[in-house]
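> take this sequence and fold it.
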Amino acid sequence: MASPPKHQVDLTDSPPKNDQVDLTSPPKGQADVLVIPPDGLCGWHCLVASRDVQGFLAVERTSLGYAKAVDRLRLETHLARTLCKETCDLALERSPHQQEAIERVRCQEFFAMEDLAWIADALQISVRASCDPEALQKEPLQNNAMAGNVAQRQRG
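Just a heads-up that it's a prediction; the model follows:
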């Protein structure tokens with residue numbers, strides 16, 4: 001019997017049992033435009049939402065992308081934070097030369113566009129992301145609002 005993957009995404013209404021998120025087998029297809037909550041975890045929300053775009057779109061949301069159901073909002077926040085922590089752990093193993101950036105992201109939980117290279121490397125994915133022009137007008141540490149276009153595919 002094959003063992004389950006090390007990381008597993010669970011976008012159901014219950015919290016993940018093992019607090020691990022898997023981005024190793026992304027779905028195939030074109031990129032979709034999603035409105036992602038601008039809460040500082042938006043880059044992580046994008047990565048989690050990209051695993052189940054139809055499921056993300058099926059959730060009733062505010063105009064800013066927040067789930068209207070409190071339990072769902074908590075779950076999505078939990079998944080984003082878990083992915084942040086796990087990605088930073090993986091990145092420290094794979095890209096120790098990026099330790100300063102990785103530790104910054106681990107502490108602050110948000111990342112800037114320039115962090116995508118080591119994040120994608122840690123997760124072994126390719127990512128295309130676009131920032132909302134309004135987010136780019138903000139301070140450098142706040143320009144991570146990726147309320148836009150996210151696509152990922154497994155590196156081959």
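> contacts, neighbours, all on C-alpha from now
Noted.
> can you point me to the longest helix in this protein?
Taking DSSP state H as the criterion, the chain has its longest helix at helix 70-94.
> tell me the buried residues in it?
Applying a neighbour-count criterion of 16 or more other Cα atoms under 10 Å, one finds 72-73, 75-88, 90-92 buried in helix 70-94.
> does residue 61 touch residue 68 like I think?
Yes - Residue 61 is within contact range of residue 68, at 5.1 Å (criterion: Cα atoms under 8 Å).
> compare those two (neighbour count), which wins?
Ranked by neighbour count (other Cα atoms under 10 Å), residue 61 and residue 68 place residue 61 first, with 17 against 12.
> and the more buried one, what is it in contact with?
67-68 (Cα atoms under 8 Å, 6 or more residues apart in numbering).
> specify the beta-bridge partners of it.
Note on residue 61: beta-bridge partners by DSSP bridges are residue 67.
> tell me which strands and helices the longest helix of the chain is in contact with?
If contacts are counted by 3 or more Cα pairs under 8 Å, 6 or more residues apart in numbering; DSSP states H and E, helix 70-94 sits against helix 42-49, helix 99-108, helix 116-123.
> quick one: the first one to helix 116-123, angle?
Between helix 42-49 and helix 116-123, the angle formed by their directions is 40 degrees, by axes from the mean of the first three to the mean of the last three Cα atoms, to 10 degrees.
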